[in-house]
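> give the three-dimensional model of this entry:
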Amino acid sequence: MMESLDQIKSRIEGAVPEAKIEIVQNGSPSQQQSLLLDSEHALAIGKFLRDDPALRLDFCSNVTGVDWLDRIVKKTIKIKTAVDGVEKEVDQTTEEKIPGYLEAVYHLYSIALKHGPVIIRMRTADRAEGARLPSLTPVWRSAEFQEREIFDLYGIRFDGHPDLRRILMWDEFEDYPMRKDYVQPDDFEWEPTPHDEVLARAKQHYTLRPELDGAEALRKG
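Numbers count the residues shown, from 1 in each chain. This next block holds a predicted model:
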């Protein structure tokens, strides 16, 4: 039987003493809690998870990206205050602004020991220049294409990746379509048969002759 996440966390901290690890709770029905790793020690932690005889997490089945925009989190705490000369506990609500960041989330299994998943995640410093993480492809080769996909669609640069380049979008594409603030263009560079919403957006960029409409107008200019 596989160890609990608390036990795995403790043993990682024993093997990589400088590592900073946090258990991230998950309130969804799956209840799949995960381990948040600090980027500096993620590679060493990955090797431990793969090579430890009790874990043998030798297969990375899935790597996904997550985009977190700037957000305000409200917290309610109880404080003691005097009301009409009597000390009472009252609720006080505070707001905390959390700057945006990106995440890479890895699902790990052991084929050798037939257990899992253990879910690990890393967070970038921000959504701009600090959107960098260490590649875990040197530990799990199956992460190679999936890290490329996250780079392509979310913009995380994976340091140490053996072949980091776009995999779905073309090389000249400048944005990241899976980010939550991505704005779809009004007109596409290449649309063989403009129709429906694409046609409606494209019309904004053409002066149409009254006798022409629809795709025919776009073809004739």
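> OK, contacts around Y101?
Applying C-beta atoms under 8 Å, 6 or more residues apart in numbering to Y101 gives the contacts W68, R123, T124, A125, D126, R127. Any C-beta I mention is one placed from the backbone N, CA and C, and that applies to glycine too.
> and the pLDDT at the residue lying closest to R127 once chain neighbours are set aside?
Leaving aside its chain neighbours, R127 sits nearest to G100 (4.7 Å; criterion: C-beta to C-beta, 6 or more residues apart in numbering). On the pLDDT scale, G100 is placed at 96.
> circling back: so which of the contacts of Y101 comes closest to P134?
T124 (11.0 Å; C-beta to C-beta).
> tally of neighbours for the closest one?
22 (other C-beta atoms under 10 Å).
> show me where this structure has its helices.
Assigned by DSSP state H, the chain shows helices spanning 5-15, 42-51, 144-154, 196-203, 214-220.
> export those helices to CSV and tack on distance to Q33, mean neighbour count and mean pLDDT?
Converted to CSV, the helices of the chain look like this (distance: least, C-beta to C-beta, whole Å; neighbours: other C-beta atoms under 10 Å; pLDDT from 0 to 100):
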stretch, distance to Q33, mean neighbour count, mean pLDDT
helix 5-15, 6, 15, 96
helix 42-51, 15, 20, 98
helix 144-154, 21, 21, 98
helix 196-203, 40, 14, 74
helix 214-220, 51, 14, 51
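> out of those helices, flag the one nearest R165.
Of all the helices of the chain, helix 144-154 comes closest under C-beta to C-beta, at 6.7 Å.
> contacts for that closest one, please.
60, 62-65, 67, 102, 104, 131, 135-137, 156-158, 161-169, 176-179.
> show the buried residues in these.
60, 63, 65, 67, 102, 104, 131, 135-137, 156-158, 161, 164, 167, 176, 178-179 (16 or more other C-beta atoms under 10 Å).
> for I77, see how far away Y106 is.
Counting by C-beta to C-beta, to the nearest Å, the gap from Y106 to I77 is 35 Å.
> quick one, which of these two is more surrounded?
Neighbours per residue (other C-beta under 10 Å) separate Y106 from I77, with Y106 holding more: 29 against 9.
> tell me the pLDDT of the more buried one.
So Y106 comes in at 98 (pLDDT).
> that one pairs with what?
Beta-bridge pairing of Y106 under DSSP bridges involves V63, I120.
> please name the residues that touch it.
Y106 makes contacts with C60, N62, V63, I119, I120, R121, L136, W140, A143, as judged by C-beta under 8 Å, 6+ apart.
> what is the burial count for the residue nearest to the second one when sequence neighbours are not counted?
Nearest in space to N62, with sequence neighbours left out and distances taken as C-beta to C-beta, 6+ apart, is H107 at 4.4 Å. Burial of H107 is recorded as 18 neighbouring residues (other C-beta under 10 Å).
> measure the residue nearest to R179 when sequence neighbours are not counted to Y154 for me?
Nearest residue to R179, sequence neighbours excluded (C-beta to C-beta, 6+ apart): D67, at 5.0 Å. Distance, D67 to Y154, by C-beta to C-beta: 6 Å.
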